[in-house]
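> Need coordinates for the below:
(one chain, ligands or ions: 1)
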Amino acid sequence: MNPELRIKELVKILNEANYNYYVLDNPTITDQEYDKYLRELTDLERKYPEYTLIDSPTKRVGGEVLDKFSKVSHKIPMLSLGNVFNEDEVRDFDSKIKKAGFDPEYVCEFKIDGLSVSLQYEQGILVRGATRGDGVIGEDITHNVKTIKAIPLKLKKNIDIEVRGEIYMDKKTLTKINKEREMEGLPLLQNVRNAAAGSVRQLDSKVAAKRNLNNFIYHLPNPLDYGIDQHIKALEFMQELGFKINPNNRLVQNIDEVIAYINEATAKRESLPYEIDGVVIKVNNINEQNELGFTAKYPKWATAYKFPANDVYTKLKDIIFTVGRTGQITPNAVLEPVLVMGSTVARATLHNEDFVNNLGLMIGDIVEVHKAGDVIPEVKGAIKERRIGTEKPFVMISECPICHTKLIKKEGQVDYYCPNDKCPARGIEGLIHFASRDAMNIDGLGDEIIEDFYNEGFITSIPDFYHLKEHEEEILNIEGFGRKSFENIINAVENSKHNSLEKLLFGLGIPGVGSKTAKLLAEYYGNIDNLMNASIEELLDIKDIGDILALNIFTYFKNNRNLIDTLKMLDINMKYLGTSKKISDSITNKKFVMTGTISFMTRDEIKALIEEYNGSFSDSVSKKTDVVIVGENPGSKYEKAKELNITIWNEEMFKKVIDKLNNN
Ligand code: IVH
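Alright, predicted model coming up:
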């Protein structure tokens with residue numbers, strides 16, 4: 001088969017499928033088919049890179065990493081909109097326009113809660129995506145925009161055009177990402193808007209690619225240039241070019257119809273897959289728009305009706321304390337149950353003592369509650385005017401609520417900790433963590449079962465997971481516990497013995513060691529013995545490991561050798577099963593620069609070798625450079641290295657280092 005033709009054909013099939021799925025919301029092929037075609041295309045492009053097309057869907061997977069964002073100046077400023085908050089103000093907006101001598105038709109649109117983006121196409125090809133910034137200067141986010149499947153890489157016509165719209169994240173996507181982040185111990189994304197904005201403001205486009213962002217286009221600057229004299233027609237025009245246009249946009253005849261649209265949008269809001277925070281009202285006729293013009297900040301021909309804020313009020317009945325896996329004590333608000341944006345809220349974290357004191361909360365207060373990001377309930381403050389005198393002050397506890405050990409507070413930190421390693425609350429949380437998905441992934445052992453097994457005495461420490469079988473009879477006697485679920489658990493426990501080292505390291509719950517650090521350590525040391533024998537200084541040599549973490553890791557292994565030995569005897573794998581980075585005293589963790597040519601290796605080979613041994617390779621010499629490799633015909637970097645007194649390896653010395661690596 002002719003590879004060039006097949007590549008063209010595959011790009012066409014995949015782009016059409018993409019368009020049907022992401023823009024029209026009307027899938028035409030299955031995920032499996034899509035993946036099959038995409039794999040075929042990826043392979044062909046790898047073999048025949050010269051035939052790769054500019055709008056190939058493989059360009060959407062991310063990979064481009066920037067050092068910094070470059071600035072983009074908007075030829076036509078990206079304005080924001082004035083706000084109105086109730087029916088009267090909507091009618092005032094209309095009256096002002098009538099006073100200026102117009103009786104316009106309006107276009108009503110959902111106000112999508114995300115961040116605005118400008119997209120520039122040349123000859124139909126996406127060449128730039130930019131944020132609004134201050135309206136005049138924005139940031140170039142093309143690398144991330146390309147990962148958004150609702151945004152066409154190539155239009156259906158080869159024209160030069162700029163369009164504007166909103167990048168947003170679906171509600172479900174946010175929930176999914178937050179579930180994953182919770183497992184990882186990462187802070188949750190606060191709301192869809194922050195999540196979308198945070199995602200496009202990443203230098204590494206792989207992050208945005210994973211965030212499943214979406215887009216609606218709603219604005220064409222200068223439509224008259226395209227012979228278009230109505231906004232509704234501009235929307236149609238942009239739809240024909242391949243953009244995703246919101247199907248709820250509507251042309252209406254007068255302000256009463258605008259009000260009716262607002263009421264419909266209010267009713268529909270909750271059931272939409274994305275967040276909207278209001279309705280945008282725009283004069284339809286472009287000549288009328290131009291005559292109405294702008295104030296200093298906003299167009300006079302459009303406004304945004306904002307939905308009322310979602311805050312609700314309820315009583316703070318009590319403040320109770322929970323103990324986390326690390327012993328961290330968290331105050332929690334116990335609320336009179338209240339409906340906030342469709343779900344009942346009865347609890348909310350109050351984070352720590354300072355948070356409660358800063359808000360000046362008293363038990364019995366009427367408090368304002370909202371859902372941060374419409375996901376996580378948050379207490380915003382007390383309505384002090386509504387106090388009746390029976391409220392009680394908040395007092396931070398000084399003893400662990402579970403084991404009554406005196407709490408400690410580390411210098412400079414706001415959180416209190418229960419220092420008792422044997423505290424049952426800490427124990428249960430630690431066991432839940434050990435079994436969790438990103439740790440040992442023991443399926444079937446949910447939080448509640450672990451808590452029950454703990455209270456029954458079946459699992460009170462990590463090795464007990466691997467003795468569960470011995471409690472078969474007792475467990476099968478528990479009401480509602482079938483043989484099948486017991487067997488599933490035993491199998492999952494058995495399977496967890498074969499996990500790669502990083503899952504165990506994460507599961508152990510070493511303070512400060514999240515899944516990322518666990519991976520780093522596993523990769524670096526290859527097995528647990530190397531890690532256990534590492535000194536603090538050696539740990540500090542690893543990039544991304546600082547003083548506190550190094551001390552935590554070192555102390556943990558000093559105090560827990562018995563546990564590790566026990567786990568070893570239970571046949572739990574203690575090796576890293578991925579490909580390890582190699583270590584060399586001369587290269588690992590050092591920063592290299594190269595100048596001139598080395599006869600026996602190319603620059604790329606040298607770079608790859610250094611990276612294989614976990615050294616870093618950069619282009620310019622600075623005080624931080626450890627070694628400059630100097631080959632034949634060196635450039636100015638050589639002079640600079642001498643000036644800064646940096647170690648220099650000539651070809652001969654470099655050869656010796658390589659020979660030593662090969663002999664090891
Ligand atoms: S029109 C000159 N239409 O709301 C007109 N904006 O508060 C420019 N937004 O910065 C904007 N949905 O980020 C327009 N259907 C919509 C919108 C919308 C959301 C955002 C946009 C704008 C902000 C203004």
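
> mind listing what the residue of the chain at minimum distance from the ligand touches?
Going by C-beta to the nearest ligand atom, the ligand is nearest to residue 116 of the chain, at 3.2 Å. The C-beta positions use only the backbone N, C-alpha and C, and glycine is treated the same way. Residues near residue 116 by C-beta atoms under 8 Å, 6 or more residues apart in numbering: 78, 80, 131, 132, 164, 165, 166, 167.

> tell me, how many neighbours does residue 14 end up with?
Counted with other C-beta atoms under 10 Å, the neighbours of residue 14 add up to 22.

> does it really touch residue 59, like I thought?
No. Using C-beta atoms under 8 Å, residue 14 is not in contact with residue 59; the gap is 11.2 Å.

> picking that back up, what secondary structure does the residue of the chain closest to the ligand sit in?
strand (DSSP: H, G, I helix; E, B strand; the rest coil).

> Tabulate the contacts of residue 116 (a markdown table), appending distance to residue 467.
Shown next, in a markdown table, are these (distance: C-beta to C-beta, whole Å):
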| residue | distance to residue 467 |
| --- | --- |
| 78 | 63 |
| 80 | 63 |
| 131 | 56 |
| 132 | 59 |
| 164 | 62 |
| 165 | 58 |
| 166 | 55 |
| 167 | 52 |
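
> Which members of those come out as buried by neighbour count?
Buried members of the contacts of residue 116, scored by 16 or more other C-beta atoms under 10 Å, are 78, 131, 132, 164, 165, 166, 167.

> So the fourth one versus residue 461, what's the distance?
Same thing as residue 164. Distance of residue 164 to residue 461, computed by C-beta to C-beta, to the nearest Å: 59 Å.

> Show me the helices in the stretch 51-200 of the chain, by range?
87-99, 142-145, 171-184, 192-200 (DSSP state H, counting those that start in this stretch).

> Could you check the pLDDT of the residue of the chain most remote from its centre?
Among residues of the chain, the one most distant from the C-alpha centroid is residue 101; the distance is 49.1 Å, by C-alpha atoms, centre = their mean. On pLDDT, residue 101 comes in at 95.

> Pretty sure residue 458 sits against residue 469.
No. Residue 458 is beyond contact range of residue 469, at 10.5 Å (criterion: C-beta under 8 Å).

> more neighbours, the two?
The neighbour count for residue 458 versus residue 469, taken as other C-beta under 10 Å, is higher for residue 458 (19 against 12).

> Next up, the contacts around that one.
464, 468, 471, 474, 475.

> Tell me the first helix or strand C-terminal of the helix or strand where the last one lies.
Spelled out, that is residue 475. Residue 475 belongs to helix 472-477 when assigned by DSSP states H and E. Counting by DSSP H and E, the next helix or strand C-terminal to helix 472-477 is helix 483-496.

> what helices or strands is that following helix leaning on?
helix 472-477 (3 or more C-beta pairs under 8 Å, 6 or more residues apart in numbering; DSSP states H and E).

> for the helix it packs on, the distance to its chain's centre please.
Relative to its chain's centre, helix 472-477 lies at 42 Å (C-alpha atoms, centre = their mean, to the nearest Å).

> tell me the phi and psi of residue 627?
phi -140, psi 140 (degrees, to the nearest 10).

> for residue 521, same thing?
Here residue 521 shows phi and psi, under degrees, to the nearest 10, equal to phi -70, psi -40.

> What are the boundaries of the helices in the stretch 551-664 of the chain?
So, for the stretch 551-664 of the chain - with DSSP H, counting those that start in this stretch - the helices run 561-569, 603-612, 636-643, 651-663.

> rewinding a little: using a markdown table, lay out the buried ones among the contacts of residue 116 together with distance to residue 268 and pLDDT.
Shown next, in a markdown table, are the buried ones among the contacts of residue 116 (distance: C-beta to C-beta, whole Å; pLDDT from 0 to 100):
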| residue | distance to residue 268 | pLDDT |
| --- | --- | --- |
| 78 | 28 | 94 |
| 131 | 29 | 95 |
| 132 | 27 | 94 |
| 164 | 24 | 98 |
| 165 | 20 | 98 |
| 166 | 17 | 98 |
| 167 | 22 | 98 |
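
> Which members of those residues define the maximum pairwise distance?
78 and 167 (13.2 Å; C-beta to C-beta).

> What parts of the stretch 151-300 of the chain come near the ligand?
On the criterion C-beta under 6 Å from any ligand atom, the ligand has as its neighbours in the stretch 151-300 of the chain the residues 166, 218, 219, 280, 299.

> Might you list the low-confidence residue ranges for this structure?
Counting by pLDDT under 70, the chain shows low-confidence ranges at 185, 190, 309-310, 341-342, 372-375, 579-581, 664.

> which residues sit in contact with the closest residue to residue 282 other than its chain neighbours?
Leaving aside its chain neighbours, residue 282 sits nearest to residue 302 (4.3 Å; criterion: C-beta to C-beta, 6 or more residues apart in numbering). Going by C-beta under 8 Å, 6+ apart, residue 302 touches 81, 280, 281, 282, 283, 289.

> Same question for residue 440.
Per C-beta under 8 Å, 6+ apart, neighbours of residue 440: 434, 465, 496, 499, 503, 504, 507.

> Could I get the residues of the stretch 151-300 of the chain next to the ligand in a markdown table, plus columns for distance to residue 312 and secondary structure?
What follows is those, written out as a markdown table (distance: C-beta to C-beta, whole Å; DSSP: H, G, I helix; E, B strand; the rest coil):
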| residue | distance to residue 312 | secondary structure |
| --- | --- | --- |
| 166 | 27 | strand |
| 218 | 31 | strand |
| 219 | 34 | strand |
| 280 | 26 | strand |
| 299 | 34 | strand |
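
> Specify which member of those is nearest to residue 253.
For these, the nearest to residue 253 is residue 280 (17.4 Å; C-beta to C-beta).

> quick one: the closest one and residue 109 touch, right?
Yes. Residue 280 is in contact with residue 109 according to C-beta under 8 Å; the separation is 4.7 Å.

> So which bits of this structure are right by the ligand?
The chain comes close to the ligand at residues 79-81, 109, 111-112, 116, 166, 218-219, 280, 299, 302, 304, as judged by C-beta under 6 Å from any ligand atom.

> Of the residues you listed, just the buried ones, ChimeraX syntax please.
Those of those that count as buried under 16+ other C-beta under 10 Å are selected in ChimeraX with:
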select :79,81,109,111,112,116,166,218,219,280,299,302,304
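
> Rebuild the helices of the stretch 551-664 of the chain as a markdown table, extending it with distance to residue 397 and mean neighbour count.
Below are the helices of the stretch 551-664 of the chain laid out as a markdown table (distance: least, C-beta to C-beta, whole Å; neighbours: other C-beta atoms under 10 Å):
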| stretch | distance to residue 397 | mean neighbour count |
| --- | --- | --- |
| helix 561-569 | 30 | 14 |
| helix 603-612 | 50 | 15 |
| helix 636-643 | 59 | 15 |
| helix 651-663 | 57 | 13 |
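
> possible to save those helices as CSV with distance to residue 593?
Formatted as CSV, the helices of the stretch 551-664 of the chain follow (distance: least, C-beta to C-beta, whole Å):
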stretch, distance to residue 593
helix 561-569, 41
helix 603-612, 10
helix 636-643, 6
helix 651-663, 13
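
> To residue 275, which of the ones you listed lies closest?
helix 603-612 (42.1 Å).

> check contacts around residue 93.
84, 281, 303.

> What of residue 219?
With C-beta under 8 Å, 6+ apart, residue 219 has these contacts: 163, 164, 165.

> Please tell me I have it right and the last one contacts residue 218.
Think residue 165. Yes. Contact criterion C-beta under 8 Å: residue 165 and residue 218 qualify, at 5.2 Å.
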